[in-house]
Structure formats: structure tokens, C-alpha cells
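> Pasting the sequence and the predicted model now:
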Amino acid sequence: VAVGVGVRDPRLVALGAIKSIKAVTSASMTGPGGPTHAETTTYLEYPDHVRVETTLPEGSQTQVYDGQHAWVRDEVGLHDVPAAAVRGMRDGLRRDTVAALLAAHRGELSVRLLPDVKGDSGRLSHALEMSSPDLDPFVLYVDPQTSLIVKQTFVVGGPGRPLVEEIFSDYRPVNGIQVAFSAELRRGGKSQVQRRVTGFTVNPPIDPTLFKRPAS
């Protein structure tokens with residue numbers, strides 16, 4: 001889910017109470033073919049179930065990960081996701097802010113305090129590096145005045161790959177937590193996706209069949 005969650009004080013009880021999320025987003029993307037627009041609905045059931053329904057000008061796509069396997073339904077039909085892409089989905093879920101903070105609290109992620117970093121606006125942020133033996137390091141940048149996460153950075157695919165940045169803003173309270181309703185994805189310093197949350201629900205009822213692979 002492309003949102004950041006604020007962590008003012010150790011509100012781990014509120015975070016731990018989050019069992020599922022439904023997020024509706026509107027995104028503008030820049031690609032080789034020029035700008036395009038997408039509407040996305042994401043169902044996330046912690047710790048490892050996610051369904052992403054995306055509507056693009058050229059058609060719709062549904063992508064599902066059930067904790068072990070992943071598949072996609074698009075205009076071509078129903079097909080499995082390659083193993084490398086499955087690992088990417090798994091790692092993306094582990095970098096999810098709620099999941100990462102709770103994993104760090106349980107000792108499943110190692111946390112290292114890095115030197116403060118000055119952002120584009122000139123303001124300093126605390127930098128927390130998180131990692132585990134089977135997860136490459138990623139860094140959360142925290143505003144020292146608000147305790148809100150303003151950015152996350154990571155590298156996919158090892159050394160030599162471009163730095164991925166997710167920048168979070170427009171925080172609003174939802175069920176006792178702060179949720180970023182605006183996010184920007186940059187790759188190699190270039191803006192690629194601008195996302196806007198249009199709907200966000202904590203612990204909605206989710207039909208388990210949403211994560212089950214259809215027969216065809």
C-alpha cells in the first residue's frame with residue numbers, strides 16, 4: 001500500500017490492531033509511452049496477503065499474492081507470476097510501514113540509526129535503516145518534530161540499481177494512526193508515479209476468496 005503511517009510515540013497497540021486495509025488510490029504515471037492514469041484498489045491482509053485491482057486506459061489488471069504464490073489476471077488471461085516477481089511482492093509487503101515497524105518491535109528486523117539527513121526542503125530527518133538476513137536494507141526518514149515518516153528509500157536488485165524513493169505527505173488521522181494521503185515514487189531521482197489516496201479503511205471485512213486463485 002502506497003501510504004506512510006506516522007509513529008508519534010510508541011503507538012504499537014494501534015498499529016498491532018491493524019489486521020487489514022483497503023486503500024483506493026488515483027495515480028499519474030510517467031513511462032516510455034508518456035503519461036498515463038490509473039485507479040487502484042488494494043486489499044491488504046497482514047501479514048502476507050495482498051490483492052491489487054488496477055484500471056488503466058488500456059484495460060484492467062488484478063494481481064494477487066497469498067503469502068506463497070502470486071498470479072495476475074489481465075487482458076491475456078490468468079497466469080502465474082515469475083518467482084523473481086513473487087519475491088519482489090513479498091519484500092514489498094515486508095517494507096510496508098505498519099509491517100516493518102511491528103517486525104522491528106518483535107526483533108525480526110534489525111534497526112540501525114544513521115546520521116540525520118537533509119531533505120529537499122532543507123529540513124533534517126532522522127534516518128532508520130532496517131534489514132534482515134533475507135531482506136535488503138531500506139531506510140525510513142522520520143520528521144523529528146512530528147514523528148511522521150516522510151520518506152522511504154531502498155534499492156531493488158542489488159548494487160548498481162537505481163535508488164527507489166517513496167515520499168509521503170498530507171497526513172490525516174484514520175482510526176488512531178496517521179496516514180499519508182499523498183505519495184510520490186521516484187526511481188533514480190526521476191519522478192515516476194504520483195499517488196493520491198481517495199479512500200482508506202482500517203480493518204474492513206475482506207472476503208477470503210479475494211486471495212484464492214480462480215480455476216480459470
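Now that the structure is in, tell me what you want to look at. In this text the structure is predicted, and so the values were computed from the model without any measurement.

> Where is the longest helix in the chain?
helix 83-95 (DSSP state H).

> which residues sit against it?
44, 47-48, 50, 63, 65, 69-70, 81, 99-100, 103, 135-136, 138, 152, 154, 156 (CB atoms under 8 Å, 6 or more residues apart in numbering). No exception for glycine: its C-beta is placed from N, CA and C like everyone else's.

> Quick check: bridge partners of the closest residue to Glu108 other than its chain neighbours?
With CB to CB, 6 or more residues apart in numbering as the criterion, Glu108 has its nearest non-adjacent residue at 6.6 Å, and that residue is Ser132. Beta bridges link Ser132 to Leu135, judged by DSSP bridges.

> is it true that Ser132 touches Gly107?
No: at 10.0 Å, Ser132 and Gly107 do not qualify as touching, with contact defined as CB atoms under 8 Å.

> residues of the lowest-mean-pLDDT helix or strand in the chain that come out buried?
Least confident helix or strand of the chain, by mean pLDDT, DSSP states H and E, is helix 12-16 with a mean of 80. With burial defined by 16 or more other CB atoms under 10 Å, the residues of helix 12-16 counted as buried are Ala14, Leu15.

> now for that helix, which elements pack on it?
helix 97-106 (3 or more CB pairs under 8 Å, 6 or more residues apart in numbering; DSSP states H and E).

> Can you give me the buried ones in the helix it packs on?
Thr97, Val98, Ala99, Ala100, Leu101, Leu102, Ala103, Ala104.

> Can I get it in CSV, CA atoms only?
Taking C-alpha atoms only, helix 97-106 is exported to CSV below (Å, rounded to 0.1, in the frame of the first residue of the first chain):
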residue,chain,number,x,y,z
THR,A,97,5.3,0.7,7.1
VAL,A,98,3.0,-1.0,9.5
ALA,A,99,4.5,-4.4,8.9
ALA,A,100,8.1,-3.1,9.2
LEU,A,101,7.5,-1.2,12.4
LEU,A,102,5.9,-4.2,14.1
ALA,A,103,8.6,-6.5,12.8
ALA,A,104,11.3,-4.2,14.2
HIS,A,105,9.5,-4.2,17.6
ARG,A,106,9.5,-8.0,17.6
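
> on that earlier part again, just the angle between the longest helix of the chain and helix 97-106, please?
70 degrees (axes from the mean of the first three to the mean of the last three CA atoms, to 10 degrees).

> Relative to the whole chain's centre, how far out is helix 83-95?
11 Å (CA atoms, centre = their mean, to the nearest Å).

> Show me which positions of it end up buried.
Val86, Gly88, Met89, Arg90, Leu93, Arg94, Arg95.
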